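**Student:** Okay, predicted coordinates and the sequence, questions at the end:
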Amino acid sequence: MLVECLIRFSTSQNIKMLPPKTQDELLARCQQLTGKTLGQVSAKLGWQTPVDLRRYKGWVGALIEEALGADAGNQAEPDFTQLAIELKTLPINRQGQPKESTYVCTVSMQQNGELNWHQSWLRRKLSHVLWIPIEADAEIPLAQRYIGQAILWKPSVEQEVVLQRDWESLMDRVVLGEQSEITAKEGDYLQIRPKAANSHIVAKGISEYGLEEKINPKGFYLRTSFTQQLLQQG
DNA sequence: CTATGATCATGA
DNA sequence: TCATGATCATAG
């Protein structure tokens, strides 16, 4: 099976990688990517490497998904549906630290159980994450950026305590109809920021009087101070 | 519109 | 310099 995958990987041009059946198989595929450049992986998949990411912001993430055989598409599921593992690339600056915050999910109270931490969408998404560190210094051409060692991560008890506290305090405000007033300054590890095509996009929200209101969609993001810890513990 | 994938770009 | 607020592409 491993041989088949390696052959498939080395020879494929437009052939879709099958999703990994086990965690070990997934990690083996990650090993194949470690130390390779984005240009090498891109060429192997028959993808064009853009000059920069300005108009292709999700390109790196989509490339790694394809290379590892993620199968969730744009459904609201973990990237590896069978393994219940979420995939996230982690852009690394020249100092070896996360360069950007990490988007997790949209802020919403329409979901069932969205008012309870243990059933929350955010907790489910962060319950098991495969982080792929990737060079992201602007001075390195996209195709020459190296892929780092993958980190398969579950939040520690200490980390989850903070995440839960942040999530509950932020969601308290959302429920009170204050979502549009929340700024990115709030939260220790989690923050809420705009998440939309632009600032004019509107979504259904709740006003301070509990009525329906049109607001600019926002999302939960992990601060770099949090993802920095993962690099050290991984 | 919502979901997926994120990074850009400017003000402080 | 860097975090906040804004934005880009694509599928359904």
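**Tutor:** Arrived safely, thanks for sending. Numbers count the residues shown, from 1 in each chain, chains lettered A, B, ... in the order given.

**Student:** Residue A:82: what secondary structure?
**Tutor:** The three-state label given to residue A:82 by DSSP: H, G, I helix; E, B strand; the rest coil is coil.

**Student:** what's the pLDDT at the spatially closest residue to it that is not a sequence neighbour?
**Tutor:** In space, and not counting its chain neighbours, residue A:82 is closest to residue A:19: 6.1 Å by Cβ to Cβ, 6 or more residues apart in numbering. C-beta here means a position set from N, CA and C on the backbone, and glycine is covered the same way. Per-residue confidence (pLDDT) for residue A:19: 95.

**Student:** What ranges in chain A fall below the confidence cut-off?
**Tutor:** A:1-15, A:110-114 (pLDDT under 70).

**Student:** what number of residues lie near residue A:107?
**Tutor:** 23 (other Cβ atoms under 10 Å).

**Student:** State the phi and psi torsions of the residue sitting furthest away from the middle of chain A.
**Tutor:** Using Cα atoms, centre = their mean, the residue of chain A lying farthest from its centre is residue A:209. It sits 33.8 Å away. Dihedral pair for residue A:209: phi -100, psi 10, per degrees, to the nearest 10.

**Student:** Is it correct that it is in contact with residue A:177?
**Tutor:** Yes. Shown here, residue A:209 and residue A:177 form a contact pair, counting by Cβ atoms under 8 Å, at 6.9 Å.

**Student:** hang on, the earlier thing: which residues sit in contact with the residue farthest from the centre of chain A?
**Tutor:** residue A:177 (Cβ atoms under 8 Å, 6 or more residues apart in numbering).

**Student:** Looking at chain A, which helix is longest?
**Tutor:** helix A:157-175 (DSSP state H).

**Student:** Can you tell me the SS state at the residue nearest in space to the middle of chain A?
**Tutor:** Nearest to the geometric centre of chain A sits residue A:88, at 3.7 Å (Cα atoms, centre = their mean). The three-state assignment at residue A:88 reads strand, by three-state DSSP.
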